[in-house]
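1. Everything below, folded, please.
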Amino acid sequence: MAHTSKPNPAHLKPSIWLQPGMLLVFGAALDTDSHHHHAIQLVLPMKNTPCHLDGRKVSQTFIINSQITHQLTMSAGWVLLVEPDTLLGQKLQSRLKGKDTITLPNFELASICGNSDPIEFLSPILSALSLENINSNIFASKVADHRIQQLLKEFDQCLKNDCKLLEDWHASAVASRLALSESRFLHLFREEMNIAWRPYLLWRRIICAIDAIIEGSTATNAAHIAGFSDSSHLSRTFRSQFGLTIRQAQKLLNQY
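-> Now for the predicted structure:
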């Protein structure tokens with residue numbers, strides 16, 4: 001009888017890809033507390049390795065909707081976080097049909113390394129989601145209003161070593177820059193993004209802090225770069241969003 005050898009998570013090297021609209025992580029021994037975040041989450045457990053969602057054993061690929069509280073334990077596998085306003089985010093929401101989580105067929109994915117193109121790596125899944133012209137545009141925002149689009153582009157600059165998160169991002173200041181009243185801006189932003197301004201700003205600050213940590217910053221420096229009051233504020237926010245302490249995240253992010 002033929003036997004399938006199980007992968008040894010201890011020998012698997014973590015990898016990370018961060019770009020506007022997405023965060024893709026491959027890692028081992030992921031164990032989070034209960035948490036929720038703005039991104040839609042696609043989880044691909046590695047074949048023949050244990051994975052549990054909210055205490056239930058899962059062996060298939062699955063999607064977790066935006067803002068759904070969950071707890072994930074996975075010996076080895078991939079986690080893709082996608083902004084809901086992107087083309088891929090909209091496709092995933094279409095598949096979810098308002099449900100908290102759904103499972104997908106298992107996919108045979110090629111091995112991936114730090115120099116791999118994550119789009120090429122994800123192509124079997126993206127094809128199964130009926131995405132045409134698969135390229136980096138699937139992570140581009142599909143928000144219609146040009147003023148909100150401009151704001152998102154400014155946030156994206158933070159992932160290109162041109163971070164503006166230390167500027168004045170109070171709703172009144174942003175509204176003024178957009179020639180809107182504060183109330184109109186807040187209404188427009190929620191209408192376009194399906195999330196209120198302040199929690200979204202916090203989410204983008206977390207993404208900026210992750211980028212800084214990947215580049216080798218300490219938690220204190222990452223907190224400053226991303227506009228948090230101090231590393232404790234960053235740590236509390238990080239744990240509520242990802243179910244990990246900032247120390248656990250640094251250990252994961254700095255391994256790749």
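
2. thought F185 was touching A179?
-> No. Taking C-beta atoms under 8 Å as the definition, F185 is not a contact partner of A179, at 9.6 Å. C-beta: built from backbone N, CA, C; applies to glycine.

3. what are the ranges of the strands in the protein?
-> Counting by DSSP state E, one finds strands in the chain at the ranges 15-19, 22-31, 40-45, 51-53, 56-57, 61-64, 72-82, 101-104.

4. So which residues of the stretch 151-256 of the chain form helices?
-> Assigned by DSSP state H, counting those that start in this stretch, the helices in the stretch 151-256 of the chain fall at 171-177, 182-193, 197-214, 219-225, 231-242, 246-253.

5. Turn these into JSON lines, columns for mean neighbour count.
-> Converted to JSON lines, the helices of the stretch 151-256 of the chain look like this (neighbours: other C-beta atoms under 10 Å):
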{"stretch": "helix 171-177", "mean neighbour count": "16"}
{"stretch": "helix 182-193", "mean neighbour count": "16"}
{"stretch": "helix 197-214", "mean neighbour count": "21"}
{"stretch": "helix 219-225", "mean neighbour count": "20"}
{"stretch": "helix 231-242", "mean neighbour count": "18"}
{"stretch": "helix 246-253", "mean neighbour count": "17"}
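
6. which intervals of the stretch 151-256 of the chain have sub-threshold pLDDT?
-> 252-256 (pLDDT under 70).

7. what's the span of stretch 87-103 from first residue to last?
-> Taking C-alpha to C-alpha, to the nearest Å, the first and last residues of stretch 87-103 lie 20 Å apart.

8. got the buried residues for it?
-> 87-89, 91-93, 95-96, 101 (16 or more other C-beta atoms under 10 Å).

9. Any idea which residue is closest to the centre of this structure?
-> L81 (3.0 Å; C-alpha atoms, centre = their mean).

10. That residue and I16: what is the separation?
-> According to C-beta to C-beta, to the nearest Å, L81 stands 11 Å off from I16.
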